[in-house]
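Novice: Next come a sequence and a model predicted from it.
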Amino acid sequence: MTMTVKPRKPWAPNRKDRVRSLSVLAVAVFGAWAVVSFTGLSGKIGFIFSFVLIYTLVQAIVGVRLRGSKALGDTVAQSIIYLGSALVFMPVASILYMTVTKGIKGLHFSLFTASMSNASFLDPVGNGGLLHALVGTLYLVLIAMVVSVPMGILTALYLTEIKGKGAGFIQFVVQAMSGVPSVVAGLFIFTSVILVSPLKTSAAAGALALAVLMIPTVTRTSQEVLLLVPTDLREAGLAMGATQWRTVAMIVVPAARNGLITATILGVARIAGETAPLIFTIGGADKLNMNPFKDYQSALPFYVWKGLTLGTPESLQRAWTGILILLILVLSLFVAARSLGGRRMAK
Amino acid sequence: MSTTIAAPPDKRVLITKPRTSDRIFRGVVTAFGISALLILTLIGVFLSVRGIQTFHSQGWHFLTNFKWEVVQNDDGTATSNLGIGAMLLGTILISIVALLIGVPLSIAMALFLTFYAPAKLKTFLVSVVDLMAAFPSVLFGLWGFFVLMPMVTYWAKLIYKYFNWIPVFSAPEPFFERSPFTAGVVLAIMIIPIVTSVSREVFAQTPLDRIQAAYALGATKWGVIKSVVFPFGSSGVVGGAMLGLGRAFGETVAVFTVLNIVFRGNWHVLYGAGGNVASLIILKWGESTGDETTALLAAGFVLFILTLVVNLSANFIVRRSVKSGK
């Protein structure tokens, strides 16, 4: 008869530990409740404040009794780190909650079939829609993609495949470019395109400004993905007598295809919500404009911006609804990028 | 008998002559690689060329002047007295608030993700932080104005009530709406993702053997973090914080929404009057003409140089610290 030794995990919390940590939590909740009820501190902030304080204190006392004085710093630090993480998480939850609850009130069917050409932002929410903004965002994203995806991927190829003398420097430049403020990108396209070239205020001009912001994102993500392609594959290609061009085009890029799509999606997610560059470049129309190279155009973030700056209850409702739709767009892009990226890792 | 030793054959010279296709390929890819540099240079050139008049007419005073006025003279000409001093001061003030709030929270989050969180929670929270980076800035503006600002105004009143003996927390009048403090809190939330992800990357590279050695010597988790992780990762965290600073300098829409832009040098963080270079540009853009537009482009140029310097030094620091970990 064979004996199997049951694996033991002496470090895992046993029943006694769980009871202990639960009771510490209970003491803290009760204590905080007592403080809020019987002293001057009141409200949610008072509760959270006293809860954190009491929890840390009780935890520290229990820790010191069990493990000696060294546990004091440990437990206090742990409480602070947990508290900090919770504080980071809270705004995200609040933003998602507020956007959904406020935005959902303004949803109606004609939102996707009508533009604002016969309605004003100050009209009741049922009038007009944001079709023009959706079309505008679509144009902006498509043109920005056409410009920046080839540029981004080719720059990444330069950094990973050619590794020329300047690669380190170009890497530096790309990183610097990713820090260019969006308002500067807008001003740049205004001075370099709208003022001096035949292309005037239009979706295409806005897309160029967005492309300036998108190129570094696409480059950096593509670069990471291309670095993941095994060197063996490249060497195999070269050993078969292929030129570098054939190796890259037939082996490296196809191997990294999913990752490159992810890079594109992340780039789009980066720019879809940008507002500041659009203020200088697309003009902001209220009616549907199907020509991306001529005349004023609108976009979802611009629609939200307009509703926000007008400041009446109706326009603000439009802004919340617009941002809900924009957020859904960005979130689905994000999830798409994640799932594609996940599949790449799994391979 | 003489033997003649055959002369050793010449060393073979290996030359790969690149094919035409390869030459074209390398040429095209190199050209695109350089394009990033070209764009960055062009941004600087175009903004400075358009804005140079302002530097001519206003001189260096442009950076320190707190006034922004265009006065119509009787003979139809206009005298402009334009400066971004108040805006620069405001930008720095807001960014300091944002760093003071955002960086400790980011470090806490990064430590939690690296050393405390269970695997599943970690994956989830990493997604949450990445998601935060993808939120549009106009969303931060909208949410900041309607949800965060009432709360922050209340905190500001509390701080003012108990700490107004500290000069920074005093205020000329009890008016706390749309203050630099509010804008700083919004910016703090906006820079958390980048600072957290850089710090996390640096913390994750702490050599495992040193961590285990510290545990073996009987250190607590906090002891390990304090004596191994922090000394190792501190410069990386500084770099991450500077990347956040670059973000904070350039943020436009969200700050514009929650900040009361006033042309006067105000360093009382709680008082509802502030400035921000990027917000100034969109505030004045619609109504500006002539000299004013040029001055806005010059302001854009100053902002560009400022963020460029901050970002380059940040990347330099981050890269150095990440390299030293390998």
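Specialist: Great, that's in hand.
Novice: CA only for contacts and neighbour counts going forward, please
Specialist: Noted.
Novice: can I assume B:Gly250 is in contact with B:Ala278?
Specialist: Yes: the criterion here is Cα atoms under 8 Å, and B:Gly250 meets it with B:Ala278 at 6.2 Å.
Novice: Give the intersection of the neighbour lists for these two.
Specialist: Common neighbours of B:Gly250 and B:Ala278, using Cα atoms under 8 Å, 6 or more residues apart in numbering or on different chains, are A:183, B:303.
Novice: show me what contacts A:Ile215?
Specialist: A:148-149, A:151-152, A:267.
Novice: let's go with 6 Å and repeat that
Specialist: Contacts for A:Ile215 (Cα atoms under 6 Å, 6 or more residues apart in numbering or on different chains) come out as A:148, A:152.
Novice: Flag every residue of chain B that's near chain A.
Specialist: Listed as neighbours of chain A in chain B under the rule Cα under 6 Å from any Cα of the partner chain: B:22, B:29-30, B:32-33, B:43, B:105, B:108-109, B:136, B:222, B:250, B:300, B:311-312.
Novice: Highest neighbour count among the residues you listed?
Specialist: B:Met109 (33 neighbours; other Cα atoms under 10 Å in any protein chain shown).
Novice: for it, what are its contacts?
Specialist: A:Ser85.
Novice: Could you do B:Phe66 as well?
Specialist: So B:Phe66 contacts B:83, B:85-86, B:264 (Cα under 6 Å, 6+ apart).
Novice: List the buried residues for the helix or strand containing B:Lys120?
Specialist: Secondary structure from DSSP states H and E places B:Lys120 in helix B:119-134. For helix B:119-134, a neighbour-count test (16 or more other Cα atoms under 10 Å in any protein chain shown) marks B:122, B:125-126, B:128-129, B:131-134 as buried.
Novice: For the residues of chain B next to chain A, work out which two are farthest apart.
Specialist: The most widely separated members of these, counting by Cα to Cα, are B:Asp22 and B:Trp222 (55.3 Å).
Novice: Low-confidence ranges, the stretch 1-150 of chain A, go.
Specialist: Within the stretch 1-150 of chain A, the stretches with pLDDT under 70 are A:1, A:40-42.
Novice: Now with 90, please.
Specialist: When residues are selected by pLDDT under 90, those of the stretch 1-150 of chain A lie in A:1-76, A:78-80, A:83, A:86, A:105-130.
Novice: For the stretch 1-150 of chain B, which residues score under the pLDDT cut-off?
Specialist: B:1-23, B:26, B:32-36, B:48-86, B:119, B:127, B:130-134.
Novice: For it, which segments count as strands?
Specialist: Along the stretch 1-150 of chain B, counting by DSSP state E, counting those that start in this stretch, strands occupy B:68-72, B:78-82.
Novice: so how far is the first one off the chain centroid?
Specialist: The reference is to strand B:68-72. 32 Å (Cα atoms, centre = their mean, to the nearest Å).
Novice: Now do the contacts for B:Ser80.
Specialist: B:Ser80 touches B:69-70, counting by Cα under 6 Å, 6+ apart.
Novice: redo that, cut-off 8 Å
Specialist: Shown in contact with B:Ser80 (Cα under 8 Å, 6+ apart): B:68-71, B:291-292.
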